[in-house]
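In: Please work out how this folds:
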Amino acid sequence: MSNALTTTPALPERFANPLRQLQSMFALPIVRRSLPMILLVGLVAGTALAWSLLATPEQKILFSGLPDADKASVTQALQAANIGSRVDDGTGALTVDADDYSRARILLAGQGLPKAAPGGYAILDQLPMGVSRAVEGERLRQARESELAKSIEEIDAVGEARVHLAMPESTVFVRDNASPSASVILKLQPGRSLSDSQVSSIVNLVASSVPGLKPDAVTIVDQMGALLTNNTGQDSVAAAGQARIDFQRRIEDKYRAQLAQLLTPLVGAGNFTAEVQADVDLDETQATHERLDPQGVLRAEQGNWTAASDDPAAQPGGIPGALSNTPTPASTVTPAPKPTPTPTPAPGSGASTPGVPTPAATAAPATSPDAAKRAETYARSFELGKEISVTRGVPGSIRRLSVAVLLRDNGKGKPRSAAEIQQITALVQATVGYDTARNDQVTVIARQFAGPPAAEIKRPWYDADWLPVVARNGTAIVIALLVLFMGVRPLVKAILKKREDETDAVRAAIEAVTAGAPVFDEAGEPVRPPVSIEMLDQARGYDQRIGMVRGFTRDNPTRAALAVRDMIKADGS
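Out: Residues are numbered from 1 along each chain as shown. Below is the predicted model of the structure:
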């Protein structure tokens, strides 16, 4: 049994030592000659890359997620307006220079680009035939949402809007019926906000556009996540307190605006400050007043009277016939004595005595007693007059007003005079509606402000808009100059010097070969310089060229033989 020794084959010589291979590769004449040029090209490429990174302005996303058709249309429109644009390979977003962002948005908005995807009720036109009822309902809901979003976006302060509708399916069972709800998210314009009336308008718009939707079921949120609608679960007391504070703030802002409009042309902008504190009566009062009339009012009257039938003169008589139809002679009536007035009975029902007048009778026009009445009996009911008035006080009246105005001294060492301050005080009192009955207070003083006026505050030079552009371009230029003078220039000089040295060596060898003078090496031994093609090209004169050819033939016999063969073949052909 023999033991075999297994040996691992060694790597080939060319892969044994990569470092030595690299050294041998750089030792090649062609590589050594082209190495300065390679370094020069690398420096130029690095300079170009640094320039492109530093000189390229900051990019800002113009649109993201655009379809390819809209992206091509937008790019073409920007190129026609000489606005550079780029498409990010990773996200597909279309970007432009930050300096051209606003101009690009205005240009594209004027041309109606990008073209929005079909929305609103146009979605219903793209429904294929045979779709299910559920798909039709979802498309109808989507169309309503997009139409409501477009309507909300017509408000100036709203940039973008999205509407989500929760529409439960209708059922015949009353117990299972659910009310619809809606949620709206708004992206407001920079620096803009919505007032309470505008929020209420959006709520009513959405509620009126969906059948069965109540305003309480609409929720509005802005892009910062702030709830714009009042929460239904909020405490009523806290909501009322917030409403009072908002109302008071609006009144104070109104007075501040009036004071600013009054004092700005008088003392100049930034030369005054005004504060207003308004004590507003926000309590709602309601009063009911009832007044009774001391004189009674006749409500009902009931009675009877008895005629004087016992008087013979009043009985009809005579012989029936023509004479009996003649009228009786007029009777003379003796005026009755004036009755003594009696106290007015209390309200209610009561029987009056015969011949005694009642308050209602005294109020009526006086009539002569009827001779045909012998007695009368009446029952009259009286009611006192009553008047009811309801007074409701509307909240919002000002109980007390305090105004403080601080003026800036002119800064010339001469303070404002008392007469000037008194005039300004009178103007402020007239502006805010000063009332001594409310104990209003208006104070106007003049002092030197701590800081400079707002008009004199200048923007520092390091915060200017042009500084980043100049710094970016200046840095790119400095880097380019450093690369040029510290990298490119020494390489060029080294290449030129090397060529001059080679040319001088070639010329010296030519002269040595031509003159026949020996050339010594480093050891001091005479050597013959080799003749190269460059030496043949640089030879001057006929004799020199002949000597170079002899030396080249002596040093390169093989190449010389090949050259002679080619010449013979050329002559034979």
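In: Please tell me how far the residue lying closest to Arg408 once chain neighbours are set aside sits from Glu145.
Out: Among residues not flanking Arg408 along the chain, Asn271 sits closest, at 4.2 Å (CB to CB, 6 or more residues apart in numbering). Just so you know, the C-beta spots here come from the backbone N, C-alpha and C atoms, and that holds for glycine as well. Asn271 sits 53 Å away from Glu145, going by CB to CB, to the nearest Å.
In: again with Asp222
Out: Distance from Asp222 to Glu145, counting by CB to CB: 18 Å.
In: Settle it for me: which of those two has more neighbours?
Out: The neighbour count for Asp222 versus Glu145, taken as other CB atoms under 10 Å, is higher for Glu145 (20 against 17).
In: what residue ranges in the stretch 351-500 of the chain are flagged as low confidence?
Out: When residues are selected by pLDDT under 70, those of the stretch 351-500 of the chain lie in 351-374, 411-413, 451-457, 499.
In: Near the residue nearest to Arg408, how many other residues are there?
Out: Neighbour count of Asn271, defined by other CB under 10 Å: 20.
In: quick one: it and Val432, what's the gap?
Out: Applying CB to CB, the value for Asn271 to Val432 is 19 Å.
In: For the lengthiest helix in the chain, could you pull out the residues that count as buried?
Out: Ranked by number of residues, the top helix in the chain under DSSP state H is helix 236-267. Buried residues in helix 236-267, counted by 16 or more other CB atoms under 10 Å: 248, 251-252, 255-256, 258-259, 262-263, 267.
In: just checking, next helix/strand downstream of it?
Out: Sequence-wise, the next helix or strand downstream of helix 236-267 (DSSP states H and E) is strand 272-281.
In: Please name the strands paired to that following strand in the sheet, noting orientation.
Out: Here strand 272-281 has these sheet partners by DSSP bridges: strand 397-408 (antiparallel).
In: quick one, helices of the stretch 251-400 of the chain?
Out: Secondary structure of the stretch 251-400 of the chain (DSSP state H, counting those that start in this stretch): helices at 359-363.
In: Repeat that for the stretch 1-150 of the chain.
Out: For the stretch 1-150 of the chain, the helices defined by DSSP H, counting those that start in this stretch occupy 13-16, 18-27, 29-55, 68-80, 101-110, 133-153.
In: Let me have the ones you listed in TSV, extended by mean pLDDT and distance to Arg447.
Out: Output for the helices of the stretch 1-150 of the chain, formatted as TSV (pLDDT from 0 to 100; distance: least, CB to CB, whole Å):
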stretch	mean pLDDT	distance to Arg447
helix 13-16	52	89
helix 18-27	73	81
helix 29-55	74	51
helix 68-80	88	56
helix 101-110	88	43
helix 133-153	85	49
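In: among those helices, which is nearest Ser183?
Out: Closest to Ser183 of the helices of the stretch 1-150 of the chain, according to CB to CB: helix 133-153, at 10.4 Å.
In: so the helix or strand just after that closest one versus helix 133-153, what angle?
Out: Remark: after helix 133-153, the chain's next helix or strand is strand 158-166, criterion DSSP H and E. Per axes from the mean of the first three to the mean of the last three CA atoms, to 10 degrees, the angle that strand 158-166 makes with helix 133-153 is 150 degrees.
In: Strand partners (parallel or antiparallel) of strand 158-166?
Out: Applying DSSP bridges, strand 158-166 is found paired with strand 181-188 (antiparallel).
In: For the strand it pairs with, list every residue counted as buried.
Out: Counting neighbours by 16+ other CB under 10 Å, one finds that the buried residues in strand 181-188 are 181-186, 188.
In: now do stretch 421-437
Out: By 16+ other CB under 10 Å, the buried positions in stretch 421-437 come out as 421, 424-425, 427-429, 431-432, 434.
In: Taking those residues together, which two end up most distant?
Out: Ile421 and Val432 (16.5 Å).
In: Which other helices and strands does whichever strand in the chain runs longest contact?
Out: Using DSSP state E, we find that the single longest strand of the chain is strand 285-307. Contacts defined by 3 or more CB pairs under 8 Å, 6 or more residues apart in numbering; DSSP states H and E place strand 285-307 against helix 359-363, strand 373-393.
In: Just want the angle from that strand to strand 373-393.
Out: Going by the same axes, to 10 degrees, strand 285-307 is angled at 170 degrees with respect to strand 373-393.
In: partner strands of strand 285-307, parallel or antiparallel?
Out: Strands that pair with strand 285-307, judged by DSSP bridges, come out as strand 373-393 (antiparallel).
In: Met482 sits in which helix or strand?
Out: Just so we're on the same page, residue 482 is Leu rather than Met. Under the assignment here (DSSP H and E), Leu482 is part of helix 466-483.
In: Flag every buried residue along that helix.
Out: For helix 466-483, burial by neighbour count (16+ other CB under 10 Å) applies to 472, 476, 479-480, 483.
In: cool, and stretch 70-77?
Out: Neighbour-count burial for stretch 70-77 flags 70-71, 73-75, 77 (criterion: 16+ other CB under 10 Å).
In: Contacts for it next, please.
Out: Residues outside stretch 70-77 that contact it (CB atoms under 8 Å, 6 or more residues apart in numbering) are 62-63, 66, 85, 87, 92, 94, 107-108, 111, 113-115.
In: on that earlier part again, as CSV, the helices of the stretch 1-150 of the chain with distance to Ala450 would be great.
Out: Formatted as CSV, the helices of the stretch 1-150 of the chain follow (distance: least, CB to CB, whole Å):
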stretch, distance to Ala450
helix 13-16, 80
helix 18-27, 72
helix 29-55, 43
helix 68-80, 50
helix 101-110, 37
helix 133-153, 46
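In: pLDDT below threshold where in the stretch 101-250 of the chain?
Out: In the stretch 101-250 of the chain, residues with pLDDT under 70: 116-129, 172, 174, 176, 231-240.
In: at 50 instead, please
Out: For the stretch 101-250 of the chain, the stretches with pLDDT under 50 are 232-233.
In: quick one on the thing from earlier: can you tell me which of the buried residues of stretch 70-77 is nearest Arg141?
Out: Each of these was checked against Arg141 using CB to CB; the closest is Asp70, at 25.7 Å.
In: tell me the two of the buried residues of helix 466-483 that are most distant?
Out: Pairwise distances across those (CB to CB) peak at 17.1 Å, for the pair Arg472 and Val483.
In: Looking at the buried residues of stretch 70-77, spot the one nearest Asp216.
Out: Distances from Asp216 to the buried residues of stretch 70-77, taken by CB to CB, are shortest for Asp70, at 39.9 Å.
In: For Asp89, see how far away that closest one is.
Out: Asp70 is 18 Å from Asp89, by CB to CB.
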